[in-house]
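Undergrad: dropping the sequence and predicted coords here.
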Amino acid sequence: MIDTVERFQTNHQTIPYFEDVRPLTEGSFSKDGCWMLSKSQCLTVDQQPYYNDVGLGLDWIVDLYTKTTLKMIYTNPIERSKTSEEYLWLQTVSPTIMTFGLDIATFYFSYYLANQEWSTLVLTSILSVSCVLLLLIYVALFRPYLKFLRVQHIHTLALLRLAPDDIRYMEISDKIIGED
């Protein structure tokens, strides 16, 4: 049980920051502190003593759930009863309210994960199409030009080999180049 609670707490703490989930976890999801679809399932100030716990948000509920569960685990089995404060709190908050809040957070997480996968697919597609276009531009435009330059360079070297030795080994003074 302790390992399960610790795993639950760790998983909850590793949920990434999403703008749509923050109000749920901070307790500002709605003005009355309820995030249930059916408002009849919400705890009200008049009905439940646990309204203040639920109104503070999912982070607070998960933290209290963890603490309450650990407290019950470390309580002597003889002293545990179904009328204890911890047991009543778990029975009231855990099965519906906390589970539904976690379902909402999971929905938003899945929604943003799907959007992230879609955007990654789109960006990868754009990048791959751009790379293919660059390759085609290189093959169609620059490669023939570079081939032409290579041929011209070979012809120039061949002409220089045929030139007389005076022209082939001619040195040009920097002074002459600077005057032009």
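TA: Yep, that arrived.
Undergrad: quick one: list the elements packing against whichever helix or strand residue 92 is part of.
TA: Using DSSP states H and E, residue 92 sits within helix 85-93. Contacts defined by 3 or more CB pairs under 8 Å, 6 or more residues apart in numbering; DSSP states H and E place helix 85-93 against helix 51-55, helix 58-73. All C-beta spots, glycine's among them, are computed from the backbone N, C-alpha and C.
Undergrad: a markdown table for those helices, including distance to residue 137 and mean pLDDT?
TA: Converted to a markdown table, the helices and strands packed on helix 85-93 look like this (distance: least, CB to CB, whole Å; pLDDT from 0 to 100):
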| stretch | distance to residue 137 | mean pLDDT |
| --- | --- | --- |
| helix 51-55 | 61 | 68 |
| helix 58-73 | 53 | 79 |
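Undergrad: and these: which comes nearest residue 113?
TA: helix 58-73 (18.6 Å; CB to CB).
Undergrad: tilt between the closest one and helix 85-93?
TA: Using axes from the mean of the first three to the mean of the last three CA atoms, to 10 degrees, the inter-axis angle of helix 58-73 relative to helix 85-93 is 140 degrees.
Undergrad: helices along this structure, start to end?
TA: 2-13, 22-26, 51-55, 58-73, 85-93, 99-137, 143-162, 165-168, 174-179 (DSSP state H).
Undergrad: can you pull the buried residues of the fifth one?
TA: By neighbour count with 16 or more other CB atoms under 10 Å, helix 85-93 contains the buried residues 86, 89-90, 92-93.
Undergrad: what about it, average pLDDT?
TA: For helix 85-93, mean pLDDT rounds to 79.
Undergrad: tilt between it and helix 99-137?
TA: 60 degrees.
Undergrad: hmm, who's touching helix 85-93?
TA: 43, 48, 50, 53-54, 61, 64-65, 68-69, 71-72, 75, 80-81 (CB atoms under 8 Å, 6 or more residues apart in numbering).
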